[in-house]
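> model the structure of this input:
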Amino acid sequence: MSETEKATFAAGCFWGVESAFRRVKGVILTQVGYTGGHHANPSYREVCTGFTGHAEALEILFDPAQVSYEQLLEVFWNEHDPTTLNRQGPDVGSQYRSVIFYHTPEQEAVARMSKERLQSSGRYHRPIVTEIVPAAEFYRAEEYHQQYFEKQGVFR
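Numbers count the residues shown, from 1 in each chain. Reported below is the predicted structural model:
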């Protein structure tokens, strides 16, 4: 078995983001949760207040021999609007912000290049507000949030 790597993204409500990444060949494991804040072991209710500083996020374990980090970034960019600050669709608040949490200096470099390339592509008329920050403690969300769409029979 080849080595695995971890990737962490926040792109609005974590249900849809997780569903999209679960379909990517080379993604071994996904889990939704909270990261980027200052409150230990937050609950969903606490994160929803916006006072914990956490974002709803997705942690991915992937096989880089099957899918590159750059390919994962493409999925990330396509799954949300990276030009809206603290908002995705009807979901409003800092917990829905767009963030790439990098785990290695290589991931940071690839993420910054990817963001720059996307910004200069002309695809968006507004600036990309996605943060690129070091990965922080990840707190797994409550079980009913894990693979939520699959549990509800929703297949995107």
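
> going forward, measure contacts and count neighbours with C-alpha atoms only.
Noted.

> by contact count, what packs against the strand or helix carrying residue 61?
According to DSSP states H and E, residue 61 maps onto strand 55-62. Secondary-structure packing of strand 55-62 (3 or more Cα pairs under 8 Å, 6 or more residues apart in numbering; DSSP states H and E): strand 5-11, helix 14-22, strand 27-35.

> what lines up beside that strand in the sheet?
Strand pairing for strand 55-62, determined by DSSP bridges: strand 5-11 (antiparallel), strand 27-35 (antiparallel).

> compare the ones you listed and give me the one nearest residue 130.
Shortest distance between residue 130 and the strands paired with strand 55-62, using Cα to Cα, is found for strand 5-11: 8.8 Å.

> could you list the buried residues of that closest one?
Buried residues in strand 5-11, counting neighbours by 16 or more other Cα atoms under 10 Å, are found at 5, 6, 7, 8, 9, 10, 11.

> now do the contacts for the residue nearest to residue 53 when sequence neighbours are not counted.
Nearest in space to residue 53, with sequence neighbours left out and distances taken as Cα to Cα, 6 or more residues apart in numbering, is residue 37 at 3.9 Å. Counting by Cα atoms under 8 Å, 6 or more residues apart in numbering, residue 37 touches 52, 53, 54, 55.

> buried among those? Need that as a selection in PyMOL.
Here is the PyMOL command that picks out the buried ones among the contacts of residue 37, judged by 16+ other Cα under 10 Å:
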select buried, resi 52+53+54+55
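
> next, format the contacts of residue 37 as CSV and append pLDDT.
As requested, the contacts of residue 37 are exported to CSV (pLDDT from 0 to 100):
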residue, pLDDT
52, 97
53, 97
54, 98
55, 97
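
> of the buried residues of strand 5-11, closest to residue 59?
The closest of the buried residues of strand 5-11, once distances to residue 59 are taken by Cα to Cα, is residue 8, at 4.4 Å.

> what is the closest one paired to in the beta sheet?
Bridge pairing for residue 8 (DSSP bridges) gives the partners residue 59, residue 101.

> for the helix or strand that residue 115 is a member of, what is the average pLDDT?
Taking DSSP H and E as the definition, residue 115 sits inside helix 105-120. Averaging pLDDT along helix 105-120 yields 98.

> quick one on the thing from earlier: a markdown table for the buried residues of strand 5-11, including distance to residue 144?
Formatted as a markdown table, the buried residues of strand 5-11 follow (distance: Cα to Cα, whole Å):
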| residue | distance to residue 144 |
| --- | --- |
| 5 | 25 |
| 6 | 22 |
| 7 | 22 |
| 8 | 20 |
| 9 | 20 |
| 10 | 19 |
| 11 | 19 |
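
> sweet, I'm off.
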